[in-house]
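*Asks:* Okay, sequence plus prediction incoming.
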Amino acid sequence: RRPSRLVVSSLLVVWMASTVQAGTSDHKYEPNEHVELWVNKVGPYANPQEAYEYYTLPYCAPDTKHHPDVGKEARHNELKTHSLGERLGGHALRHSGHDLTFPKPGSEECTTAPLTATQAQAFVRAASDQWFYQMYLDDLPVWGMVGEMLPEFNDKVRVSQKNAISDLDHLDQAVVPGVHSTSTSSTPDHLKAYVYTTRTLTVSYNGNRIVKVDLTSDPASLILIKEGIELNFKLLVKWESTLLSYHSRFDRYLDHAFFKHQIHWFSIFNSFMMVLFLMGIVALILLRTLRKDYARYALSNQTAGAENESLLEGGGGQPMVDENGKPMVDQDGHAMSSNMSGGGNTSTTEDSGWKQVHGDVFRAPALLPLFAAILGTGWQLIILTLGVILFAVAGPLHGQVHEERGEVLHAIIVCYSLSSIVAGYASGKFFKQYDSATSSSALPSVRPGSSSSSTSNMWQATMALTVFLLPTVTVAILSILNTVSLYYGTINTIPFLVIMKLFLLWIFVSVPLCIVGTLMGRHSSGGGGGAGGGKEHFPCRVNAIPRPIPEDVRWYGKPQNLIPFCGLLSFGSIFIELYYVLTSLWNYKFYHVYGFLLGVYAILTIVVGMTTVICVYFCLNAEHYLWQWTAFSCGASTAVYVFLYGVYYFIFKTSMNGMLQTVFYFGYMSLIALNLGTLCGTLGHMAASKFVRTIFQNVKVD
């Protein structure tokens, strides 16, 4: 009863946490109702993680009822309530101080005090590094540039030159991918910093709902920044009626031409053809090569039985045949019989190839507690990834995930917490199976008491590693990133209160579920126990003394030569989709083609399984029976290529620069590679385990 109560209470806590959503408004407005305009962040266009609070720049507070000097009811720079997903996603929305009324046009302005040298330098840095800002109106984002670097204007050409500037169109030319230097030191001396002072906010509405928001900056309002100048900022608000549907208002933010390009479809087709090719190879191994192996082993058993019978009876023996049923002859052309002696026939009565390691193939892998914990974590990541993708694919039923800030991160937190029971169950069951097999094959000289104590300690180690392994690695990397973010003062710093919420969620939900899962795996019917021990689970008995592994084998019989090829094939099936995912993460695009992602995930699962099976078969044929870590490494090696591709993407596909952005980029890429490697390694081990069990349970072993 206690485990069931613990699971129910954990689910209740997760449900309570999941009720905190990014937006609480019904997005319906009555005439003369106030509409909130929130400011989110400001920072360099080339560095997505180098984002600061909007009022880090010395903008003035609008002269409205929300001005700080009005009184306690003023809401200027008031922090909005955020969900866990929003805070983890680097959102810090604050009230802009503007007073917008539905659907009344108007204008609001304010004037700064004379800029100090520090304030002027802040605007100069923003213009030279191409800073942009982000605002939200009714949960619709809008962007604008802080300023421009231009030659100093004179009165005659000032307006005509400024009018030739487009607000955001010039960024593709100014920020060239692969050029990692946009600092002020590289700015030409003849360029001066100008700041936009007039903006126009155009709001389109259909009935009582807002369906479109546009923000433009007037090039004629550019003002040269210098110490002591007073800046007059003005916001013009326009309302326009439209027939656009409310349910499709977010479509304009989705780059359909990019994500649904012909290359994207071709990559899926290419990966599918790779799957067919690998399935053909595996089918060849299973249907042809293994069939010959089975025939040879059956012939060997028949020959050995006939030889023993003829020796006992003193007869002439039985004629020997090959795997195709044809009589075997010696060098002189005489038919060979089972009682013939000599060196030429002894090889036919001995095991060869992968059957020779039947007494060691189900031996427990090295570092069993660690390996069991890694597999448990891998299964958790498999379920987590599948759950999040399916949640996103079901967007039309509950709301598209790209329309709510932090909803994907929120789904990841919930799925991780609930899938902890899977991690515990998988690790506990795997440890029980191989610990039972090891115990049943132990030497008689081992004392039962010491074996029981050792097993208990290993159980505790397995449970502790399953609970702490993934969180420890994740927290270590995020702690470094959070320290760097705190030093630079960006909005990506995770607040202490959010850290405490995550810690409590882990303590009261994830950890109990993981412990319950481990106990369930330990006492599961397929997890060992009983008088048979390991015999219940493995087709072959494990020998007490391991056999030596031959070293003089061909290159394709050595795991270190096969593992890189497995990772390369797996990476080849996903690298196009990886480009789209990285572009969404680092280049301000909304990823929305989760159907593609689900298909690629299925293809990756098949490719990893097929390549791992091929690798394990070659290794077993070379009598290398330590296949457990080999199988995991075949899938996990995909992460190496993913990280290397991340390095290529950073150098040639982005314009990121600076210590802050570099640390964040490679910190997140390390997390992605580690988690993907664990996931793929577990998939590979699952396929190899099924393969090994299948081939050995169909072989008669004396």
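*Replies:* Okay, I see it.
*Asks:* Which stretches in the stretch 301-450 of the chain count as helices?
*Replies:* Applying DSSP state H, counting those that start in this stretch to the stretch 301-450 of the chain gives helices spanning 368-393, 395-398, 407-418, 420-440, 448-488.
*Asks:* I'd like the ones you listed as CSV, with mean neighbour count appended.
*Replies:* (Glycine included, C-beta is placed from N, CA and C.) Below are these laid out as CSV (neighbours: other C-beta atoms under 10 Å):
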stretch, mean neighbour count
helix 368-393, 22
helix 395-398, 10
helix 407-418, 22
helix 420-440, 25
helix 448-488, 16
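*Asks:* So which of these is nearest His67?
*Replies:* When the helices of the stretch 301-450 of the chain are compared by C-beta to C-beta, helix 448-488 sits nearest His67, at 29.7 Å.
*Asks:* State the next helix or strand along the chain beyond that closest one.
*Replies:* For helix 448-488, the succeeding helix or strand toward the C-terminus, using DSSP states H and E, is helix 496-505.
*Asks:* Now do the same for that next one: mean pLDDT, whole number.
*Replies:* Per-region confidence: helix 496-505 scores 95 on mean pLDDT.
*Asks:* Which positions in it come out as buried?
*Replies:* For helix 496-505, burial by neighbour count (16 or more other C-beta atoms under 10 Å) applies to 498, 501-502, 505.
*Asks:* Identify whichever of the helices of the stretch 301-450 of the chain lies nearest to Ile545.
*Replies:* helix 420-440 (12.9 Å).
*Asks:* now the closest one, how far from the chain's geometric center?
*Replies:* Centroid separation for helix 420-440 versus its chain: 26 Å, with C-alpha atoms, centre = their mean, to the nearest Å.
*Asks:* elements contacting it?
*Replies:* Under the contact definition 3 or more C-beta pairs under 8 Å, 6 or more residues apart in numbering; DSSP states H and E, helix 420-440 sits against helix 368-393, helix 448-488, helix 511-522.
*Asks:* wait, which of those helices is closest to Thr200?
*Replies:* Nearest to Thr200, of the helices and strands packed on helix 420-440 and by C-beta to C-beta, is helix 448-488 at 32.4 Å.
*Asks:* Show me what the closest one is packed against.
*Replies:* By 3+ C-beta pairs under 8 Å, 6+ apart, helix 448-488 packs against helix 368-393, helix 420-440, helix 511-522, helix 659-697.
*Asks:* Of those helices, which is nearest Ile210?
*Replies:* Closest among the helices and strands packed on helix 448-488, once you apply C-beta to C-beta, is helix 368-393, at 24.7 Å.
*Asks:* Give me the mean pLDDT for the closest one.
*Replies:* Mean pLDDT, helix 368-393: 96.
*Asks:* Likewise for stretch 568-581?
*Replies:* Rounded mean pLDDT across stretch 568-581 is 91.
*Asks:* Which residue, other than its chain neighbours, is closest to Glu33?
*Replies:* For Glu33, ignoring the flanking residues on the chain, the nearest one in space by C-beta to C-beta, 6 or more residues apart in numbering is Phe102 at 5.0 Å.
*Asks:* Include distance to Trp38 when you put the helices and strands packed on helix 448-488 into CSV, please.
*Replies:* CSV is the format used below for those (distance: least, C-beta to C-beta, whole Å):
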stretch, distance to Trp38
helix 368-393, 25
helix 420-440, 35
helix 511-522, 36
helix 659-697, 24
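*Asks:* for those, which one sits closest to Lys41?
*Replies:* The minimum distance between Lys41 and the helices and strands packed on helix 448-488 falls on helix 659-697, with 14.0 Å, by C-beta to C-beta.
*Asks:* Enumerate the positions of the closest one that are buried.
*Replies:* 660-670, 672-689, 691-693, 695-696.
*Asks:* Tell me which other helices or strands it touches.
*Replies:* Packing partners of helix 659-697 (3+ C-beta pairs under 8 Å, 6+ apart): helix 368-393, helix 448-488, helix 594-621, helix 627-636, helix 638-652.
*Asks:* and the ones you listed, which one is worst for confidence?
*Replies:* Looking at the helices and strands packed on helix 659-697, the bottom one is helix 448-488 with a mean of 87.
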